[in-house]
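*Asks:* Sharing a model that was predicted from the sequence below.
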Amino acid sequence: MKPSKYSVIIIPDNEDSDRQFSITRRQLLSVIVGLILMLCIVVFFLIYALPRLMQYKSMEAENEQFATDRFKIMELMQDLSRIEQMDRLIRKTLGSELELSSISVSDDSTWSKSNQPRYENNITVSYVDNVPSKYPVEGYITQKMRTNKLFTNQNHYGIDIAVKEGEPVYASASGFVVFSDWTYDFGNYIILYHGDDYFTVYGHNKNNFVKVRDFVKRSDVIASSGSTGIASGPHLHFEIWKDGKAVDPLELFPQYKQKDISVNNYE
């Protein structure tokens, strides 16, 4: 007959009294089954769960890298779309509307007769006057140029210059108007082409004083400052482009750095 109870006697080395514990047969079986279950759980974790946990960690890291790469691709696509949009605009204006086959650059600082606003196949722009060198407005820098950021909505291809509403906006260099109209983001918007692949951009104007095909000289008033489009207050958004790439206006106008009150200037 199988015993229904088991006794465990503990005999110490010293003279202390013995200790005895009793356990029923059912309790002993429960302990054995519990130990077997725990062993099975450990084996299952080591063989099945642990590799999948490591695989999950690896997939999580790959997913984060994919998200980062996706943001970079979106940023590049936005930059490409912006350049293509400006390229289409310039090609349309210079080609089909003005019917200009070429634009040459002269080393004469004075404008020749071909600089007058009429339809000719060749227009000469002074080499001396085509480089942006005139302050578009006198004001304080509230936002500097930022590119190649992780989030595409942080791209800022020029500088924002805080100025009172209605102040004159000057042409930074001599050239002709290839765009003068309203846009959703920048409100009243002007793009000037100066030859030698130079463009300047003026946004958020209260009023545009020039129209497409107009020729302007450096320091001519082309607009009045305002806050049209998406703007939190009166300021001029000013961009410089050369060979299809945005140029930091602070490189050509270092004096603006003395009036830089942008947040990132104090980081």
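*Replies:* Ah, there it is.
*Asks:* going forward, measure contacts between C-alpha atoms and count neighbours the same way
*Replies:* OK.
*Asks:* okay, now the nearest residue to Asp243 once chain neighbours are set aside: neighbour count?
*Replies:* Leaving out its chain neighbours, the residue that sits closest to Asp243 by C-alpha to C-alpha, 6 or more residues apart in numbering is Asp197, at 5.2 Å. Applying other C-alpha atoms under 10 Å, we find 14 residues neighbouring Asp197.
*Asks:* Send over stretch 172-186 as PDB, restricted to the C-alpha atoms.
*Replies:* Extracted C-alpha coordinates of stretch 172-186, given in PDB (Å, rounded to 0.1, in the frame of the first residue of the first chain):
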ATOM      1  CA  SER A 172      18.400  93.600 -54.200                       C
ATOM      2  CA  ALA A 173      20.000  93.600 -57.700                       C
ATOM      3  CA  SER A 174      19.100  94.700 -61.200                       C
ATOM      4  CA  GLY A 175      17.000  92.300 -63.300                       C
ATOM      5  CA  PHE A 176      13.600  91.700 -64.600                       C
ATOM      6  CA  VAL A 177      10.400  90.400 -63.000                       C
ATOM      7  CA  VAL A 178       9.500  86.800 -63.800                       C
ATOM      8  CA  PHE A 179       6.700  86.400 -61.200                       C
ATOM      9  CA  SER A 180       4.500  89.000 -59.400                       C
ATOM     10  CA  ASP A 181       1.300  87.600 -58.000                       C
ATOM     11  CA  TRP A 182      -0.400  86.100 -55.000                       C
ATOM     12  CA  THR A 183       0.500  82.700 -53.500                       C
ATOM     13  CA  TYR A 184      -1.100  80.900 -50.600                       C
ATOM     14  CA  ASP A 185       2.000  80.600 -48.400                       C
ATOM     15  CA  PHE A 186       3.800  83.900 -49.200                       C
END
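*Asks:* Mind listing what's buried along that stretch?
*Replies:* Ser172, Ala173, Ser174, Gly175, Phe176, Val177, Val178, Phe179, Ser180, Trp182, Phe186 (16 or more other C-alpha atoms under 10 Å).
*Asks:* again with stretch 232-247
*Replies:* Pro234, His235, Leu236, His237, Phe238, Glu239, Ile240, Trp241, Ala246, Val247.
*Asks:* In strands, which of the residues you listed fall?
*Replies:* Judged by DSSP state E, the subset of the buried residues of stretch 232-247 located in strands is His235, Leu236, His237, Phe238, Glu239, Ile240, Trp241, Ala246, Val247.
*Asks:* Lys217: which of these is nearest?
*Replies:* Ile240 (16.6 Å; C-alpha to C-alpha).
*Asks:* wait, isn't the closest one in contact with Phe199?
*Replies:* Yes: using C-alpha atoms under 8 Å, Ile240 is in contact with Phe199, at 5.8 Å.
*Asks:* which stretches of this structure form helices?
*Replies:* For the chain, applying DSSP state H gives helices covering 25-44, 50-91, 249-252.
*Asks:* Mean neighbour count, those: which tops it?
*Replies:* Stretch with highest mean neighbour count among the helices of the chain: helix 249-252 (a mean of 16; mean count of other C-alpha atoms under 10 Å).
*Asks:* Tell me which residues are up against that one.
*Replies:* Here helix 249-252 makes contact (C-alpha atoms under 8 Å, 6 or more residues apart in numbering) with Pro132, Ser133, Met145, Gly158, Ile159, Phe238, Glu239, Ile240, Tyr256, Lys257.
*Asks:* re earlier: which residues touch the residue nearest to Asp243?
*Replies:* Counting by C-alpha under 8 Å, 6+ apart, Asp197 has contacts Trp241, Lys242, Asp243, Gly244.
*Asks:* Provide the backbone phi and psi angles at it.
*Replies:* phi 60, psi 30 (degrees, to the nearest 10).
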